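**Student:** Return atomic coordinates for the entry below.
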Amino acid sequence: MMIDLLQLLVYGVVLGCIVTLGAIGVSLVFGILGFANFAHGDLMTVGAYLALVFVGLGWPMHAAFLAALAGTAIAAVLIDQTLYRHLRRRSSVVLVISSLGVSLMLRSLIQLVWGPDNQVYQAGIQLPIDIAGLRIKPNQIVIVVGAVVLVTALHVFLSRTKMGKAMRATADNRDLAQTAGIDIGRVILWTWIIGALLAAAAGIFLAIDTRLHPFMGRNILLAIFAAAILGGIGKPYGAIAGGLTIGIAEEMSTLVLSPAYKSAVAFAIMVAMLIFRPTGLFGGR
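**Tutor:** Okay, the predicted model is just below:
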């Protein structure tokens, strides 16, 4: 029984790392732009499929990973400049509805270009490594290590760089940050870039752990929002705790529930947090 619990814990940490990367992007966008970006999951899917393009061209996976991150960041900035930029002065509800439209467009475009079928980066079955009785796939180690590296890089960026400090100041109090001379336009640009980079990484890791399909980002979006709300919406550091909690909770729930109900666990945690502590664990909005 103990080995089963530890095995589920491993799966939960892997899923939690993927959810964490997505939740940080959602929290950043909400903290600085003030709206829930429902297209974030499909932005993850865009990153995953862009990596598939470069892998198909014969690029090694690490090069395809970096190229897909760059391509997704460019796509996010283009979407912002062509759509969201013109709607920022309107109600946040307008932006939310617009993000739903962007979500549908991205998903339809992916289905049009790559089709509706499941795809993989590399054919074949990857044999797991036996570590003290735990069966761990090399790809799962890559996902956890990659997530740790990205989160650490984000921490250094937010805490040590001028732009990172400007982003934190804007998230805390936008009017005061603007009064202090912070260029809000540049902050917004970097918010989309960083959010897209993390979204693409999460999408690629999710595709590595499972498979690519056009609805992969939409299917995990509930867990991502649950993690962001649990940690405190608008709080990137809270999203880390929320993501790991949601990932582990979903996997552990399979001890008593069918795996088909894992999403319901994330939904239940999100509802409970909204009822009893709507500001989240880290005191978000």
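**Student:** and Leu8, what does it touch?
**Tutor:** Contacts here follow C-beta atoms under 8 Å, 6 or more residues apart in numbering; on that basis Leu8 touches Glu251, Met252, Thr254, Leu255. Heads up, the C-betas are built off the backbone N, CA and C, glycines and all.
**Student:** Between these, which sits nearest Ala51?
**Tutor:** Set against Ala51, the nearest of the contacts of Leu8 by C-beta to C-beta is Glu251 (24.8 Å).
**Student:** what's the burial count for Pro259?
**Tutor:** Pro259 has 10 neighbouring residues, counting by other C-beta atoms under 10 Å.
**Student:** Quick check: the gap between it and Glu251.
**Tutor:** To Glu251, Pro259 is 9 Å away according to C-beta to C-beta, to the nearest Å.
**Student:** With Ala68 instead?
**Tutor:** Distance from Ala68 to Glu251, by C-beta to C-beta: 26 Å.
**Student:** quick revisit: among the contacts of Leu8, name the buried ones.
**Tutor:** Glu251, Met252, Thr254 (16 or more other C-beta atoms under 10 Å).
**Student:** For the helix or strand Val156 falls within, could you pull out the residues that count as buried?
**Tutor:** Here Val156 sits within helix 138-160, counting by DSSP states H and E. Residues of helix 138-160 classed as buried: Asn139, Gln140, Val142, Ile143, Val144, Gly146, Ala147, Leu150, Val151, Leu154, Leu158 (neighbour count, 16+ other C-beta under 10 Å).
**Student:** what sits against the first one?
**Tutor:** Counting by C-beta under 8 Å, 6+ apart, Asn139 makes contact with Gln126, Ile208, Asp209.
**Student:** Now render these as a markdown table, adding secondary structure and distance to Ile74.
**Tutor:** Formatted as a markdown table, the contacts of Asn139 follow (DSSP: H, G, I helix; E, B strand; the rest coil; distance: C-beta to C-beta, whole Å):
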| residue | secondary structure | distance to Ile74 |
| --- | --- | --- |
| Gln126 | coil | 31 |
| Ile208 | helix | 22 |
| Asp209 | helix | 25 |
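**Student:** Lowest-confidence one in these?
**Tutor:** Least confident entry in the contacts of Asn139, by pLDDT: Gln126, with 75.
**Student:** and the closest residue to that residue other than its chain neighbours, backbone torsions?
**Tutor:** Among residues not flanking Gln126 along the chain, Lys137 sits closest, at 5.2 Å (C-beta to C-beta, 6 or more residues apart in numbering). Lys137 adopts backbone torsions of phi -80, psi 140, taken as degrees, to the nearest 10.
**Student:** For burial, what's the neighbour tally of Lys137?
**Tutor:** Neighbours around Lys137, by other C-beta under 10 Å: 17.
**Student:** how close does it get to Met252?
**Tutor:** 19 Å.
**Student:** In JSON lines, list the buried ones among the contacts of Leu8 along with secondary structure, pLDDT and distance to Ile18.
**Tutor:** Formatted as JSON lines, the buried ones among the contacts of Leu8 follow (DSSP: H, G, I helix; E, B strand; the rest coil; pLDDT from 0 to 100; distance: C-beta to C-beta, whole Å):
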{"residue": "Glu251", "secondary structure": "helix", "pLDDT": "93", "distance to Ile18": "12"}
{"residue": "Met252", "secondary structure": "helix", "pLDDT": "91", "distance to Ile18": "16"}
{"residue": "Thr254", "secondary structure": "helix", "pLDDT": "88", "distance to Ile18": "17"}
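**Student:** re the thing from before, and the next element down the chain from the helix holding Val156?
**Tutor:** Next element after helix 138-160 (DSSP H and E): helix 162-172.
**Student:** tell me which strands and helices the helix or strand following that following helix is in contact with?
**Tutor:** Later in the chain than helix 162-172, the nearest helix or strand by DSSP H and E is helix 174-179. Packed against helix 174-179 by the contact rule (3 or more C-beta pairs under 8 Å, 6 or more residues apart in numbering; DSSP states H and E) you find helix 162-172, helix 184-209.
**Student:** any chance of the ones you listed in a markdown table, with distance to Phe276 and mean neighbour count too?
**Tutor:** What follows is those, written out as a markdown table (distance: least, C-beta to C-beta, whole Å; neighbours: other C-beta atoms under 10 Å):
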| stretch | distance to Phe276 | mean neighbour count |
| --- | --- | --- |
| helix 162-172 | 24 | 17 |
| helix 184-209 | 28 | 24 |
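**Student:** quick one, which of those helices is nearest to Ile233?
**Tutor:** Taking the helices and strands packed on helix 174-179 one by one with C-beta to C-beta, helix 162-172 is closest: 10.9 Å.
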